[in-house]
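J.: Build me a model from this:
(chains A and B)
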There are 2 protein chains.
Amino acid sequence: MENKAANWLVSDMGKIVVLRMGHRAVRDKRITTHVALTARGLGADGILICRVNDTKITCSVDRVVEQWGGKFSIGFCPSWKTAITQWLGRGGEVIHLTMYGLPLLEVLEQIRKSEKDKLVVVGAEKVPGEVYELATHNVSVSNQPISEVSALGVFLDRYFGGKELSKEFEGHKILILPQKAGKKTIP
Amino acid sequence: MENKAANWLVSDMGKIVVLRMGHRAVRDKRITTHVALTARGLGADGILICRVNDTKITCSVDRVVEQWGGKFSIGFCPSWKTAITQWLGRGGEVIHLTMYGLPLLEVLEQIRKSEKDKLVVVGAEKVPGEVYELATHNVSVSNQPISEVSALGVFLDRYFGGKELSKEFEGHKILILPQKAGKKTIP
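T.: Below is the predicted model:
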């Protein structure tokens, strides 16, 4: 298992990958699915889920990718520590979204300027103190309890400067034609 | 019940209120809680939840307000239609977040310029076609399936232009002192 997790990281998951920590099957299934869909829809290249290999999430996300297109990797790793240290070890940086961190708008330009690959860490249950120490940046999307889903959404939107909102997803089966009212899709 | 819902709307819930549609107790409890906390944390004044009166959510949100401060109303209404038509009837406008709508960045300035009170509608299950017709704006936060939680987060962040990220919440018992690493709170 540990080696398989390592392979996920060594293989190219992309430049912007979300690490979902502390996922508990059943309890977190829907929230983690929302995290994954937010990651995909707002421009990230993949998601690594710690610690449970939850095939229901893979199925949901794979179905979305098949219909809506684009490339999006989904992987599971038993250890967040392996994931983070390997990411750092191959020259990437780690952005930990936490309400205790420095305000997003204070650190955003520094993060945007850096060309390093980014692992964006969001927690489910209580995040171990070590994560705060290992992270390159601990970033708060407000210092209030919100939701890891909206924190990730706001972070990605700010990071990509809104360009992600019109990202094209190659190989889609469905495409939305934006409407003032109603729903229109191709085909 | 209908009258009570009406009272919620006639009473002043605030200028920016989120309407959470199609909430199903048990299944949606956690997602709706994330919607409510995102609404509160990112500057909305309250949330109206249709259609189930779910006291577990009220308890979670009230506990957050008690500890973290600020004013935030939470109400339940059995009928989304009553909520929307009454909101419109008292001169407000309705912003429906849907992946089928017009791109956020195309309509944002128009929405920001309008001084009307805003009911921001997010759906859980499939949203009835009538909502698209009644809404003042149908707005997409990307035309991809993401999450109502992140769509709301991005919308509020864009609407408030980042000012909500440093909003002060009066009467708090806990306050975070943002840190480069670790957690620091007052007291």
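J.: pLDDT below threshold where in chain A?
T.: A:1-11 (pLDDT under 70).
J.: for it, what's the longest strand?
T.: Using DSSP state E, we find that the single longest strand of chain A is strand A:93-103.
J.: Show residues contacting the helix or strand following that strand.
T.: Moving toward the C-terminus from strand A:93-103, the first helix or strand encountered (DSSP states H and E) is helix A:104-113. Helix A:104-113 is contacted by residues A:95, A:118, A:137, A:139-141, A:154-155, A:158-159, A:161, B:162, B:165-166 when judged by Cβ atoms under 8 Å, 6 or more residues apart in numbering or on different chains. In short, each C-beta sits where N, CA and C put it, glycine included.
J.: Can you flag the buried ones in those?
T.: Buried residues within the contacts of helix A:104-113, defined by neighbour count using 16 or more other Cβ atoms under 10 Å in any protein chain shown: A:Ile95, A:Lys118, A:His137, A:Val139, A:Ser140, A:Val141, A:Val154, A:Phe155, A:Arg158, A:Tyr159, B:Leu165.
J.: The first one against A:Asp117, yeah?
T.: No - using Cβ atoms under 8 Å, A:Ile95 is not in contact with A:Asp117; the gap is 10.8 Å.
J.: overlap in contacts of the two?
T.: Contacts common to A:Ile95 and A:Asp117, judged by Cβ under 8 Å, 6+ apart, are absent.
J.: For the longest strand of chain A, buried residues please.
T.: A:Glu93, A:Val94, A:Ile95, A:His96, A:Leu97, A:Thr98, A:Met99, A:Tyr100, A:Gly101, A:Leu102, A:Pro103.
J.: Of those, which pair is most distant in space?
T.: The most widely separated members of the buried residues of strand A:93-103, counting by Cβ to Cβ, are A:Glu93 and A:Met99 (20.2 Å).
J.: related to what we said a few turns ago, just list what the longest strand of chain A packs against, helices and strands only.
T.: Contacting strand A:93-103 under the criterion 3 or more Cβ pairs under 8 Å, 6 or more residues apart in numbering or on different chains; DSSP states H and E are the following elements: helix A:80-89, strand A:118-122, helix A:129-134, strand A:137-140, helix A:148-160.
J.: Not counting its own residues, what contacts the shortest one?
T.: In this structure, residues lying in contact with strand A:137-140 by Cβ under 8 Å, 6+ apart are A:93-104, A:107, A:110-111, A:132, A:155, B:176, B:178-182.
J.: Run a quick check on A:Gly101 versus B:Gly182, I expect a contact.
T.: No - if you go by Cβ under 8 Å, A:Gly101 and B:Gly182 don't touch, sitting 9.5 Å apart.
J.: For the nearest residue to A:Gly43 once chain neighbours are set aside, give me its contacts.
T.: Spatial nearest neighbour of A:Gly43, excluding adjacent residues (Cβ to Cβ, 6 or more residues apart in numbering or on different chains): A:Glu164 at 3.4 Å. Applying Cβ under 8 Å, 6+ apart, we find A:Glu164 in contact with A:Leu42, A:Gly43, A:Leu156, A:Asp157, B:Ser142.
J.: count of neighbours near the first one?
T.: I take that to be A:Leu42. 28 (other Cβ atoms under 10 Å in any protein chain shown).
J.: So it is in contact with B:Ser150, correct?
T.: Yes - using Cβ under 8 Å, A:Leu42 makes contact with B:Ser150 at a distance of 6.9 Å.
J.: hey, what's in contact with both of these two?
T.: With Cβ under 8 Å, 6+ apart as the test, A:Leu42 and B:Ser150 both reach A:Leu152, A:Gly153.
J.: circling back: now the helices and strands packed on strand A:93-103 in JSON lines, with distance to B:Thr58?
T.: JSON lines is the format used below for those (distance: least, Cβ to Cβ, whole Å):
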{"stretch": "helix A:80-89", "distance to B:Thr58": "33"}
{"stretch": "strand A:118-122", "distance to B:Thr58": "26"}
{"stretch": "helix A:129-134", "distance to B:Thr58": "32"}
{"stretch": "strand A:137-140", "distance to B:Thr58": "26"}
{"stretch": "helix A:148-160", "distance to B:Thr58": "20"}
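J.: Which of the contacts of A:Glu164 sits closest to B:Cys50?
T.: Of the contacts of A:Glu164, the one sitting nearest to B:Cys50 (Cβ to Cβ) turns out to be B:Ser142, at 24.5 Å.
J.: For that closest one, identify the helix or strand it belongs to.
T.: Per DSSP H and E, there is no helix or strand for B:Ser142.
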